[in-house]
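> prediction below, plus the sequence it came from.
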Amino acid sequence: MATASNPYRGFRYPAEVIQHAVWLYHCFSLSLRDVETILAARGVVVSYKSIREWGPRFGRQFANTLKRRRPQPGDKWHLDEVFLRIRGKTHYLWRAVDQNGHVLEILVQSRRNAKAAKRFLCKLLRGLQYAPWVIVTDKLRSYAAAKRKVLPHVKHRRSKYLNNRAEVSHQPTRRRERQMQRFKSARHAQQFLSAHARIHNHFQLRRHRLAADQHRTARDAAFRTWREVTAVADAA
């Protein structure tokens with residue numbers, strides 16, 4: 001990699017340390033001090049403050065590259081929203097996943113009405129640039145109102161029993177929210193969760209549906225893509 005395009009230029013620590021710290025922080029429910037301790041056990045002395053600076057900068061960059069490299073998502077979209085308490089005020093995290101559990105988009109908003117649902121659908125369509133054959137939601141009426149304006153020809157299934165895939169995808173977010181003792185602002189939540197969703201989801205291989213050798217093959221492929229995305233070999 002040319003020096004001018006090296007994302008690690010100017011940093012004291014090598015690329016392997018930075019990408020490993022970011023990977024630990026986003027793939028496991030660890031605090032910054034936990035990551036600091038794990039690195040120290042491997043002989044790398046780094047402050048949790050440095051890790052905190054690496055997270056937003058490199059996490060967002062890695063996540064965007066993973067997004068560009070992801071395979072074509074499925075044509076069945078599951079949409080769901082959960083509340084977030086930010087500085088005493090209720091916000092909502094809107095999330096879309098396909099039938100394979102791949103995160104398509106997230107958006108933090110202060111409302112849960114038809115306007116908010118429309119905004120989320122428009123953002124989702126801009127990022128994917130194709131429409132699904134069906135969307136699955138719970139019985140929130142805002143989805144139906146937004147869908148009539150944005151996706152009028154797409155089939156819509158409304159049932160809380162059919163939307164487990166989207167609801168389960170919120171679990172990593174809840175764990176991180178507890179570990180971080182809530183988010184500081186809506187902007188902070190949006191920036192962190194956008195990166196976290198991509199990186200964490202990249203290593204979620206649906207192990208319960210894979211044989212041991214298939215899981216190892218898929219895991220090796222995920223790590224190979226991660227090394228390419230973080231450009232460790234070129235930046236070293």
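The structure has been received and is ready for your questions.
> I'd assumed Lys149 was in contact with Cys122.
No - Cys122 lies out of contact with Lys149 (C-beta atoms under 8 Å); the separation is 9.4 Å. Any C-beta I mention is one placed from the backbone N, CA and C, and that applies to glycine too.
> ok, what's across the strand from Arg158?
Arg158 forms beta bridges with Thr137, as assigned by DSSP bridges.
> ok, now which ones touch it?
Contacts for Arg158 (C-beta atoms under 8 Å, 6 or more residues apart in numbering) come out as 136-139, 143-144.
> now the buried members of these.
Neighbour-count burial (16 or more other C-beta atoms under 10 Å) is assigned, among the contacts of Arg158, to 136-138, 143.
> what is the lowest-pLDDT residue among those?
Among the buried ones among the contacts of Arg158, Asp138 carries the lowest pLDDT, at 91.
> once you drop chain neighbours, what's closest to it?
Lys160 (4.8 Å; C-beta to C-beta, 6 or more residues apart in numbering).
> can you check Leu162 too?
Of all residues not flanking Leu162 in the chain, Val136 sits nearest, at 5.2 Å (C-beta to C-beta, 6+ apart).
> please look at that neighbour and Tyr161 and confirm they touch.
No - using C-beta under 8 Å, Val136 is not in contact with Tyr161, being 10.2 Å away.
> can you give me the strands for the protein?
For the chain, the strands defined by DSSP state E cover 76-86, 89-98, 103-109, 134-137, 155-158.
> this protein: helices as residue ranges?
Along the chain, counting by DSSP state H, helices occupy 15-27, 32-41, 48-69, 114-128, 141-150, 164-168, 171-179, 186-202, 212-230, 232-235.
> between the second one and helix 171-179, how big is the angle?
With axes from the mean of the first three to the mean of the last three C-alpha atoms, to 10 degrees defining the directions, helix 32-41 sits at 90 degrees from helix 171-179.
> could the helices of the chain be laid out in a markdown table, adding distance to Gln99?
A markdown table is the format used below for the helices of the chain (distance: least, C-beta to C-beta, whole Å):
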| stretch | distance to Gln99 |
| --- | --- |
| helix 15-27 | 23 |
| helix 32-41 | 33 |
| helix 48-69 | 18 |
| helix 114-128 | 14 |
| helix 141-150 | 17 |
| helix 164-168 | 7 |
| helix 171-179 | 18 |
| helix 186-202 | 14 |
| helix 212-230 | 17 |
| helix 232-235 | 32 |
